[in-house]
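J.: attaching a predicted model along with its sequence, questions to come.
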Amino acid sequence: MSQPDLEKAFAELRRDDASKAPPFAPMWRPRQKRVSLLWIAAPAASFVAVAAAFAIWIGTNAARKSDAAPPAAAVASGPSVRVAMEPDPLGFLLEQPSIASLPDFDVDPTRRP
Amino acid sequence: MQPEHLARELAELHAASFGWALACCGRDRSAAADVLQDAYWKVLDGKARFDGRAALKTWFFSVIRFTASERRRSVLKWFRRSDEPERETPASSSGKPDRVAERGESAARLSRALAKLAPRQREVLHLVFYEGLTVDEAASIMAVSVGSARQHYDRGKTRLKELLDEPTGP
């Protein structure tokens, strides 16, 4: 193939390519911002983790309470036993004073009889 | 350069840019369209800036070439695609069917022959014969020395003539 034939073939190829080129306008547009999957997955995963931790905490707390609770009978008898064994330190405030215990106001305690 | 002016210049250069992208992608049309889109995005995102040191065409062709080589490096299968024959898009041709078929046959034959050349040879021949650039300008776009570009040009032209002179199969 001679040089002019080669040039002619290239010119034909150029025309052919130009007719098949995609349009410029749709290509000359800023690319759309893609939202990273991490932005969706990370909050969802953290929410699930917090919910799971809360559920575990609720479960262990309930189990601990049920283990530590004394039998119903012991609960009922508890306060009365304590009252019987320990005297109330402020109980004297509730006591009614008797007449005999009142001082005699007619007698001056500073004077000698 | 103002963005509107740059867009106008690139729009005028669009067909040639697509042809160059085809040459950089081993005549694979879909790969060329992807590379050209990436090159435009580089310009729009400001990753590739035209500083006026070279001609706009030389600069943008360098961007396309670099984008194509990035793509080849990142996706190995593109190497295999570069050896595949050109795929036709049915709705893209225009003109009378007979003339188009005749013209298309010649262009397709050249396209097949170009696809068999080494990438550097294909690129320099494209830039010289297709774009009408000098070998010096082609060397600048290809980021090689003028001597190297000339060597690719001579070897490529010889090989291309051999390929085109080969009798075509049935």
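T.: Noted; the coordinates are in hand. Numbers count the residues shown, from 1 in each chain, chains lettered A, B, ... in the order given.

J.: which bits of chain A sit near chain B?
T.: Contact residues, chain A versus chain B (Cβ under 8 Å from any Cβ of the partner chain): A:1, A:6-7, A:9-10, A:12-22, A:24-25, A:27-31. Just so you know, the C-beta spots here come from the backbone N, C-alpha and C atoms, and that holds for glycine as well.

J.: out of those residues, which are buried?
T.: A:1, A:6, A:9-10, A:12-14, A:16-17, A:19-22, A:24, A:27-28 (16 or more other Cβ atoms under 10 Å in any protein chain shown).

J.: closest to B:Gly147 among those residues?
T.: Distance to B:Gly147, by Cβ to Cβ, is smallest for A:Leu6 among those, at 22.6 Å.

J.: pull the number of nearby residues for B:Leu6.
T.: Using other Cβ atoms under 10 Å in any protein chain shown, B:Leu6 has 17 neighbouring residues.

J.: nearest spatial neighbour of it, skipping sequence neighbours?
T.: B:Phe50 (6.6 Å; Cβ to Cβ, 6 or more residues apart in numbering or on different chains).

J.: hmm, back to that, just the buried ones among the residues of chain A next to chain B: which are in helices?
T.: Among those, the ones falling in helices (DSSP state H) are A:6, A:9-10, A:12-14, A:16-17, A:19-20, A:24, A:27.

J.: ok, those vs B:Leu56, which is closest?
T.: A:Phe24 (14.8 Å).

J.: residue contacts, that closest one?
T.: B:10-11, B:14 (Cβ atoms under 8 Å, 6 or more residues apart in numbering or on different chains).

J.: picking that back up, need the contact list for the residue nearest to B:Leu6.
T.: Contacts of B:Phe50 by Cβ under 8 Å, 6+ apart are B:1, B:6, B:43, B:56, B:59-60.

J.: low-scoring stretches of chain A, by residue?
T.: Applying pLDDT under 70 to chain A flags residues A:69-87, A:97-103, A:112-113.

J.: the helices in it, which residues?
T.: Secondary structure of chain A (DSSP H): helices at A:3-20, A:24-27, A:37-68, A:72-85.

J.: can you tell me which of those is most buried?
T.: Counting by mean count of other Cβ atoms under 10 Å in any protein chain shown, helix A:3-20 has the highest mean neighbour count of those, with a mean of 17.

J.: show me what that one is packed up against.
T.: Using 3 or more Cβ pairs under 8 Å, 6 or more residues apart in numbering or on different chains; DSSP states H and E, the elements in contact with helix A:3-20 are helix B:14-24, helix B:97-115, helix B:146-165.

J.: how does it look with 7 Å?
T.: If contacts are counted by 3 or more Cβ pairs under 7 Å, 6 or more residues apart in numbering or on different chains; DSSP states H and E, helix A:3-20 sits against helix B:14-24, helix B:97-115.

J.: how far does stretch B:120-133 stretch from start to finish?
T.: Using Cα to Cα, to the nearest Å, the end-to-end distance of stretch B:120-133 comes to 15 Å.

J.: now the ones in helices among the buried ones among the residues of chain A next to chain B as JSON lines including distance to A:Val48?
T.: Listed next are those as JSON lines, based on distance: Cβ to Cβ, whole Å:
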{"residue": "A:Leu6", "distance to A:Val48": "67"}
{"residue": "A:Ala9", "distance to A:Val48": "64"}
{"residue": "A:Phe10", "distance to A:Val48": "62"}
{"residue": "A:Glu12", "distance to A:Val48": "63"}
{"residue": "A:Leu13", "distance to A:Val48": "58"}
{"residue": "A:Arg14", "distance to A:Val48": "59"}
{"residue": "A:Asp16", "distance to A:Val48": "57"}
{"residue": "A:Asp17", "distance to A:Val48": "53"}
{"residue": "A:Ser19", "distance to A:Val48": "55"}
{"residue": "A:Lys20", "distance to A:Val48": "51"}
{"residue": "A:Phe24", "distance to A:Val48": "47"}
{"residue": "A:Met27", "distance to A:Val48": "42"}
